[in-house]
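*Asks:* Sequence isn't available, so here's the structure alone:
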């Protein structure tokens, strides 16, 4: 049996991020917000502060650990909303075709034409800053990728013998979509979703930077990166550690997606076992 | 004659293209009695498969029903609401296909795919349906069915997959099985097994078969009656024995003459196989008059101007040719 390196390494990275987020209050050594002390500002990594401190003297390690909560929530929940909207629209548009397909395709093109960040900004401006509006804004603005992918996959699968066969054997439309089409398009959709979750984490960073995301002083990896940009030459640890956290999480998600795709395809499962 | 199970009357299937409507299938009539096997023979593109789709009520644009009636035990199929029509498919009319490679869902075990039929059409729960799937696999002579139900389609050979398809199609003991070139993609040795299996099971369940094929030999073996289609029309319909002994239509003659015969070389020396010259005309460019006339050696002026009417033959047969005889 082949060792599924992708799955295990990706799973380990991602699980670490999740565990860190869940256990944040326990494993943080300082309070991420209120332990500001200008006397300790910008101390390089050392024994006292393993990741160093920021311009306000707050412990970067504790802030990264707490930031995991917000970044992961935003990344996962926003991508879930995106995937659900995108897959539902793409699946039905590809399968039913006709005016519904025209409508969904038009909407998808519209969404792709408007920069999603601008659109998210507009939504945030209406809803006001905060975690929930952030989730809604990011969840509503980048479903077009999964929608397009789902639609294209369904279009090519629709003419497959087994989908035709299902119709001939008396399956209802919904049954065909859920038992024949969805399982067969899930692989690429999961890979896209893992990439999208990384993208959502970064989009949250951008919105936070523009003052419409997570309000300072509460830490998210994105807002920490934004804050650190001016000190990138003088105090690189300010950006290295939150950057590393994003990198590991997004890499973990991508590897995990790759590994899951292998598992979801019985043919490649056969090859590796 | 008893009430036919399936009766197709003057079926016309319209193909719309560029704002125009063409008759892809025209004036096709046949009927199948309960338990009977009818062969539908013809070249690729002559309308066999879309006739089958029409019988299942599954024509999709650009194809549509342009006229005629399809009745199953007296009830018009196209009058049924979609939900009722769906219940009909799989339960009363089932179908098997040419390509067993692609006709099974690659992500689902064969057991599950068979069991789904029992859940869908017989209201069984999953555990009961799985037991019945094992039984269905045993019926199609798949060895160690208890183990095979857990297999995925790619783990089975082509012949095995076609057996699984048959098990799915016959799961609910349908009244009519439409077999669309069921053996074309299989090895010759497997072909015979599959055909035997189909006949054996259908006889046991009282299922009628509409056998669609371009293989005259196969059809002659399986069917009591044969209909030959050319360019969207039935050009000849006769009892299988008669069609081989006394083919009436030049197209049928051509088909039979183009079959290689065992022993012919010994008797007559090395000879070129007879072919029918030319190709089937495109649906958008059917010739006026008899549609076979451009390829027919016996064609005369009347063939090019007048469409030959169907001439009745004994035993519900017909031939559509000015020069039949």
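*Replies:* Structure's in. What do you need? Because the structure is a prediction, the values reported are computed rather than measured.

*Asks:* what about the nearest residue to residue A:129 once chain neighbours are set aside, neighbour count?
*Replies:* Nearest residue to residue A:129 in three dimensions, chain neighbours excluded: residue A:212, at 5.3 Å (Cβ to Cβ, 6 or more residues apart in numbering or on different chains). Just so you know, the C-beta spots here come from the backbone N, C-alpha and C atoms, and that holds for glycine as well. If you count neighbours by other Cβ atoms under 10 Å in any protein chain shown, residue A:212 ends up with 21.

*Asks:* I'd assumed residue A:121 was in contact with residue A:212.
*Replies:* Yes. Residue A:212 lies in contact with residue A:121 (Cβ atoms under 8 Å); the separation is 6.3 Å.

*Asks:* Looking at the chain, which helix is longest?
*Replies:* Since no chain was named, I'll use chain A. helix A:60-96 (DSSP state H).

*Asks:* my question was about chain B
*Replies:* Ranked by residue count and defined by DSSP H, the top helix of chain B is helix B:188-205.

*Asks:* Does anything pack onto that helix? Which helices or strands?
*Replies:* helix B:158-169, strand B:176-180, strand B:208-213, helix B:216-222 (3 or more Cβ pairs under 8 Å, 6 or more residues apart in numbering or on different chains; DSSP states H and E).

*Asks:* buried residues in that helix?
*Replies:* B:190-191, B:193-195, B:197-198, B:201-202 (16 or more other Cβ atoms under 10 Å in any protein chain shown).

*Asks:* And for stretch A:204-222?
*Replies:* Quick answer for stretch A:204-222 (16+ other Cβ under 10 Å): A:204-208, A:212-214, A:218-222.

*Asks:* picking that back up, now the longest helix of chain B: mean pLDDT?
*Replies:* Averaging pLDDT along helix B:188-205 gives 87.

*Asks:* what does that helix rub up against?
*Replies:* Helix B:188-205 is contacted from outside by B:35, B:37, B:96, B:139-141, B:158-159, B:162-163, B:166, B:170, B:173, B:177, B:179, B:182-183, B:186, B:207-209, B:218, B:221-222, using Cβ atoms under 8 Å, 6 or more residues apart in numbering or on different chains.

*Asks:* Past the longest helix of chain A, which element shows up next along the chain?
*Replies:* helix A:98-113 (DSSP states H and E).

*Asks:* name the helices or strands packed onto that next one?
*Replies:* If you count contacts as 3+ Cβ pairs under 8 Å, 6+ apart, helix A:98-113 packs onto helix A:60-96, helix A:144-158.

*Asks:* can you tell me how far the residue nearest the centre of chain B sits from chain A?
*Replies:* What sits nearest the mean C-alpha location of chain B, by Cα atoms, centre = their mean, is residue B:212, with 2.2 Å. Going from residue B:212 to chain A by Cβ to the nearest Cβ, to the nearest Å gives 13 Å.

*Asks:* What does the pLDDT read for that residue?
*Replies:* For residue B:212, the predicted pLDDT is 91.

*Asks:* what about chain B, any weak spots by pLDDT?
*Replies:* Scanning chain B for pLDDT under 70 picks out B:1-2, B:325.

*Asks:* Contact residues of it facing chain A?
*Replies:* B:56, B:58, B:86-91, B:94-95, B:97, B:99, B:101-108, B:116-117, B:120-121, B:152, B:154-155, B:165, B:168-169 (Cβ under 8 Å from any Cβ of the partner chain).

*Asks:* again, only this time at 6 Å
*Replies:* Proximity of chain B to chain A is confined to B:56, B:86, B:89-90, B:95, B:97, B:99, B:102-105, B:107, B:152, B:154 under the rule Cβ under 6 Å from any Cβ of the partner chain.

*Asks:* can you map out the strands along the stretch 51-200 of chain B?
*Replies:* Applying DSSP state E, counting those that start in this stretch to the stretch 51-200 of chain B gives strands spanning B:63-72, B:75-76, B:93-96, B:176-180.

*Asks:* In a markdown table: the ones you listed, plus distance to residue A:79 and mean neighbour count.
*Replies:* Formatted as a markdown table, these follow (distance: least, Cβ to Cβ, whole Å; neighbours: other Cβ atoms under 10 Å in any protein chain shown):
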| stretch | distance to residue A:79 | mean neighbour count |
| --- | --- | --- |
| strand B:63-72 | 41 | 17 |
| strand B:75-76 | 50 | 12 |
| strand B:93-96 | 41 | 28 |
| strand B:176-180 | 43 | 24 |
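
*Asks:* Adding distance to residue B:274 as columns, could you present those strands in TSV?
*Replies:* Below are these laid out as TSV (distance: least, Cβ to Cβ, whole Å):
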stretch	distance to residue B:274
strand B:63-72	34
strand B:75-76	42
strand B:93-96	32
strand B:176-180	27
